[in-house]
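**Q** After the sequence you'll find the predicted model.
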Amino acid sequence: MPAYIAFLRAINLGKHRQFPKDALRAAVEGAGFGDVETHINTGNVRLTTTMRSRQRVEEALERAFAADRGFEVPTIAYRLEELREIVRVGDELAEAHPEAVRHYVTLLKEEPGNRTREALEALTEPGVHLEVVGRAVHVVPDHVLGQGGPQNDRIEKLLGTATTRNQTVLRAILATWG
C-alpha cells in the first residue's frame, strides 16, 4: 500500500485549534487509514492507504479532522518518494548556500503555474534564495525572516493552501519514516 506523509496546517496554535497527537492518530485511523504514526505535535502524520489519488487522501483526512475537531484543518499530502525529492533538493540548496541561517520549505496543495512562479520569484530579495520545485517552495535566507525577505503570508497569498516546515524537520521525518 502506498505510504503518504500528511502535513496539517495551523493546528496546536492557541487554545482553539488544539489537536493532540493521540486524537490526531485516532481520527486518521477512524477514517480508515493504516500504519498511522505522528511526528512531533505540529501536524505531521504518516499513513498507508489503498487510495491512489493524493487529492482523495487529502479530502478524506480533511473531512475526518473537521468532524473530530469542529474546525477545518487544511491538509497537504505527499507520497514518500515526493518527500525524498524535496529533502534531496533542500540538501543541495543548503550545500550551495552555506551562508543561510534558515531553510524553510513551504509545502503546497497544488503545483504553481508559470505566472505564479514568476510572481513568487519577484518576491525574492537580496540575501534570500527562493526555489520552486514541484509542490514545494524552498526559502533559504541569509538572515532571519521578518528582517527583510519574502514573508510566508505573501507567499501563501500567491500559492493558496500551504504549510511550512523547516528542512531539519523534513529531514528528521524522512529519517524516521523514509
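**A** Now that the structure is in, tell me what you want to look at. No experiment lies behind these values; they were computed from the predicted model shown.

**Q** From now on I want contacts and neighbour counts done on CA atoms only, so please keep to that.
**A** Will do.

**Q** quick one, what contacts Phe71?
**A** Arg17, Phe65 (CA atoms under 8 Å, 6 or more residues apart in numbering).

**Q** Next, give phi and psi for it.
**A** Phe71 has phi and psi values of phi -140, psi 160 when expressed as degrees, to the nearest 10.

**Q** Only alpha carbons, please: show stretch 4-11 as PDB.
**A** Provided in PDB are the C-alpha atoms of stretch 4-11 (Å, rounded to 0.1, in the frame of the first residue of the first chain):
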ATOM      1  CA  TYR A   4       1.800   9.200   2.500                       C
ATOM      2  CA  ILE A   5       3.000  11.900   4.800                       C
ATOM      3  CA  ALA A   6       0.300  14.400   5.500                       C
ATOM      4  CA  PHE A   7       1.100  17.900   6.800                       C
ATOM      5  CA  LEU A   8      -1.600  19.700   8.600                       C
ATOM      6  CA  ARG A   9      -1.800  23.400   8.600                       C
ATOM      7  CA  ALA A  10      -2.500  25.600  11.600                       C
ATOM      8  CA  ILE A  11      -3.100  23.200  14.400                       C
END
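
**Q** chain center to it: distance?
**A** Centroid separation for stretch 4-11 versus its chain: 6 Å, with CA atoms, centre = their mean, to the nearest Å.

**Q** List of residues touching that stretch?
**A** 17-19, 42-48, 58, 73-80, 83, 162-163.

**Q** again, only using 7 Å
**A** Contacts to stretch 4-11, defined as CA atoms under 7 Å, 6 or more residues apart in numbering, come from residues 17-19, 42-48, 73-80, 163.

**Q** The residue nearest to Arg17 when sequence neighbours are not counted: neighbour count?
**A** Of all residues not flanking Arg17 in the chain, Ile11 sits nearest, at 5.3 Å (CA to CA, 6 or more residues apart in numbering). Around Ile11 there are 19 other residues, counting by other CA atoms under 10 Å.

**Q** Where does Ile11 sit: helix, strand or coil?
**A** Using DSSP: H, G, I helix; E, B strand; the rest coil, the structure places Ile11 in coil.
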